[in-house]
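Novice: Based on what follows, work out the 3D shape:
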Amino acid sequence: MLTALLKYTDEEGKALGNRDVNYQIYINKKRVWIKNVKTDALGSVLINIDNDKHINLAGAFIRTTITGSDKQPIVRDFPIKATLAQSDVQFFPESGDRLTAWHLMLLLKLWVLTG
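Specialist: Next up, the predicted model:
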């Protein structure tokens, strides 16, 4: 599961609290999910994205529409950066002399798309 926290403010930096937000998730340029939520008092929305099937989310994005302070709709796209779904973790337990000298030594190597 991926989680996105989106915060909405007006041009003056004031939170757009208690506003309806329509969001749509696009994967491979196809709309796959539509939902309506409401911002909290601080203008925040928490969006959970199920990815139990480990779909490649490269290029996926969330398109949101919210009504601004001037009553005009504001449409914004947010890219989904799901690099952890494409990561590799390797464990290298030390052995020999190092194991006897340091009982809790463990080397971890984590690779993600960003390095």
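Novice: Report the secondary structure state of residue 55.
Specialist: Secondary structure, DSSP: H, G, I helix; E, B strand; the rest coil: residue 55 is coil.
Novice: who's in contact with it?
Specialist: residue 27 (Cβ atoms under 8 Å, 6 or more residues apart in numbering). Placement of C-beta: from N, CA and C, glycine included.
Novice: next one: residue 78
Specialist: Counting by Cβ under 8 Å, 6+ apart, the residues that residue 78 touches are 4, 6, 61-64.
Novice: Now do it, the pLDDT please.
Specialist: On pLDDT, residue 78 comes in at 89.
Novice: Now do the buried residues in the helix or strand harbouring it.
Specialist: Assigned by DSSP states H and E, residue 78 belongs to strand 73-79. Under the neighbour-count criterion of 16 or more other Cβ atoms under 10 Å, strand 73-79 has residue 74 buried.
Novice: Kindly tell me how buried residue 27 is, as a neighbour count.
Specialist: A total of 18 residues lie near residue 27 under the criterion other Cβ atoms under 10 Å.
Novice: List the contacts of it.
Specialist: 55, 57, 59-60.
Novice: where's the closest residue to residue 76 other than its chain neighbours relative to residue 47, distance?
Specialist: Spatial nearest neighbour of residue 76, excluding adjacent residues (Cβ to Cβ, 6 or more residues apart in numbering): residue 64 at 5.5 Å. Distance check for residue 64 against residue 47: by Cβ to Cβ, to the nearest Å, it reads 9 Å.
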